[in-house]
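Enquirer: Just need the structure, nothing else, for what follows:
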Amino acid sequence: MTCPNCGQKYERGNNCPHCNTDAILYNGAVRISDTLYNKGLAKIKVSDLSGAIDYLSRSISINKNNTQARNLLGLVQYEIGHIGEALKNWVISCGLQRTDNPATGYIDVIQRSASSLERFNDAIRIYNQALKDLRQQSDDMALIKLKQATELNPKFIDALNLLSLCYFLQKDKARAIATAERVLSIDAGNVVALSYYNELSPSSRPGAHKTNLARKQRTVPAPSQEERSVIPYKKVVLHERRNVNFHLEGILALVIGVICTIGVMYVLVFPALGRNWTNQIEEARAQLVSAEQAHEALLEEKNQEISELLEMIDQYSAGAEEWAERYDALERTFQILNAFDLLQEDRLQEAADALGGMGTEGLAPDIVERANEIRAVAYPPLAQQFYAEGFAVYHDRDFERARTLFERAYRYAQHIDDPTLYSNLLYYLGWTFSWDIDIDRSINYFNRLLEEFPDHRYIEYARNRLYDITSTDSD
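Expert: The predicted structure follows:
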């Protein structure tokens, strides 16, 4: 049996002897978590985001390793404007599943779109200011700020619900119902929006108020024939105008009354208006300073949250690299042990091939010692064997096969202390590559022979052949 928690194998029983996990209970919990995930997915398909959040939260509370449920919960939270909670779930998901995890892509998208993240942060900041205004019974200011927040994030459910409440406080029932329906179009199971809608329109279904409003037509009654026939002003003819008296006293009294009224307004009214305007300006300045301070505090808080999330991402990335290095060391250890077992069975060729050119840095000292033992035991006879076979076919003028055998011998001779064998391989490799196969490699082998083994018995042949191929190449 395989433990569903740690992945270790054991023979029998319900409890894993390695991590003491009850396999039956664990599998049952996983099935319940998957069932809740499927229910949450079904809620999303019918636009019931609140119900989906409930099911998905219960799913990950039962099985925290359910990355599918955690990723989907983050998407729903992102959809309704809860950006911080969405990022938190995606970061945890990346820590649980480091490969083939779509949450990595979600985080990358948010990090690349800094303007969108800033816009969402501004919507949250304005929403918090609107809450403060509502607590201070300033409905008008809260209404303006909530409109700004919903413009920045049209699917910000919390801001839309608060906007519906503000419309209700402003006695604007139609807009309150329309805003509640807007929330229900995004999240059909939102409890707050449903309660607002049922309170405002208990006998209607969502969308019915639009039809009722369309049916209301505001008409202005047209004037009757009698009203149209009434002459509003008296027509003055020439002979009547001549009989009008010019009352100088009335005009003077009117002028004096106007001057007195202006004086009273200048002495009493204008100073009061000036003080009122000054108070309003000071109050507006105080509100502006308070709003700036709140904005700075909220911005600092959000920057701190983003920094913590990025730090968590860096930690998970560093942990992933560390585990990758451990896995590589473990894989090389297994490969060396397998090669050592082949060496114990005198399967020298298979042991050497299994070891290959593998490095031993970072491995345990006993594993490094076994790798060195494989090279010390298997490499010398294999190098001699392939050299002898290559030498035989070389004299039969089968240069292509000889070159292949010499290369295999050279691969092993590099790791053993046999100068004669090594120098002979340099000589014959230079010759076999000089037959229009790879002139550059031929020159390289001959030059190394001349530099490292100037007393070689075939040094003059090597020097003459090197001169021939370099002269031909330059021509």
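Enquirer: Residue nearest the middle of the protein, spatially speaking?
Expert: Ile107 (0.6 Å; C-alpha atoms, centre = their mean).
Enquirer: tell me the contacts of that residue?
Expert: When contacts are counted by C-beta atoms under 8 Å, 6 or more residues apart in numbering, Ile107 touches Leu87, Trp90, Val91, Cys94, Ile313. To be clear about C-beta, it is placed using only N, CA and C from the backbone, and glycine gets the same treatment.
Enquirer: From Gln287, how far out is it?
Expert: Going from Ile107 to Gln287 by C-beta to C-beta, to the nearest Å gives 37 Å.
Enquirer: Which helix or which strand is home to the residue nearest to the centre of the chain?
Expert: Assessed by DSSP states H and E, Ile107 sits inside helix 102-112.
Enquirer: and whichever helix or strand comes after that helix, which residues are buried?
Expert: For helix 102-112, the succeeding helix or strand toward the C-terminus, using DSSP H and E, is helix 114-135. By neighbour count on 16 or more other C-beta atoms under 10 Å, the buried set for helix 114-135 is 117, 120-131, 133-134.
Enquirer: Least confident of those?
Expert: Ranked by pLDDT, the buried residues of helix 114-135 bottom out at Leu117, which has 78.
Enquirer: Would you confirm that that one contacts Gly84?
Expert: No - the pair Leu117 / Gly84 is not scored as a contact, 10.5 Å apart, by C-beta atoms under 8 Å.
Enquirer: which residues touch Asn121?
Expert: Residues counted as contacts of Asn121 (C-beta under 8 Å, 6+ apart) are Ile83, Leu298, Leu299, Lys302.
Enquirer: from what I can see, the last one looks like it's in a helix, true?
Expert: Going back to what we said before, that points to Lys302. Yes - under DSSP: H, G, I helix; E, B strand; the rest coil, Lys302 falls within a helix.
Enquirer: Against Ala86, how distant is the residue nearest to the centre of the chain?
Expert: Relative to Ala86, and taking C-beta to C-beta, Ile107 is found at 10 Å.
Enquirer: what pLDDT does Ala52 get?
Expert: Predicted confidence (pLDDT) for Ala52: 87.
Enquirer: Which residues lie in contact with it in this structure?
Expert: Neighbouring residues of Ala52 by C-beta under 8 Å, 6+ apart: Gly40, Leu41, Lys43, Ile44, Leu72, Val76.
Enquirer: Counting only strands, which of the residues you listed make the cut?
Expert: Assigned to strands by DSSP state E, none of these qualify.
Enquirer: Of the contacts of Asn121, which pair is most distant in space?
Expert: Spanning the widest gap among the contacts of Asn121 are Ile83 and Leu299, at 14.2 Å by C-beta to C-beta.
Enquirer: Neighbour count for these two, which is higher?
Expert: Shown here are Ile83 and Leu299; by other C-beta atoms under 10 Å, Ile83 has more neighbours (23 against 14).
Enquirer: List the contacts of the more buried one.
Expert: Ile83 neighbours (C-beta under 8 Å, 6+ apart): Gln77, Ile110, Leu117, Phe120, Asn121, Ile124.
Enquirer: Pick the one among those closest to Asp366.
Expert: Closest to Asp366, out of all of the contacts of Ile83 and judged by C-beta to C-beta, is Ile110, at 47.9 Å.
Enquirer: That closest one: neighbour count?
Expert: 19.
Enquirer: Distance check, it against Ala351.
Expert: Distance from Ile110 to Ala351, by C-beta to C-beta: 52 Å.
Enquirer: Thr35 now?
Expert: Distance, Thr35 to Ala351, using C-beta to C-beta: 52 Å.
Enquirer: Look at those two and report which has more neighbours.
Expert: For Thr35 and Ala351, the more surrounded residue by other C-beta under 10 Å is Ala351, and the numbers stand at 24 against 13.
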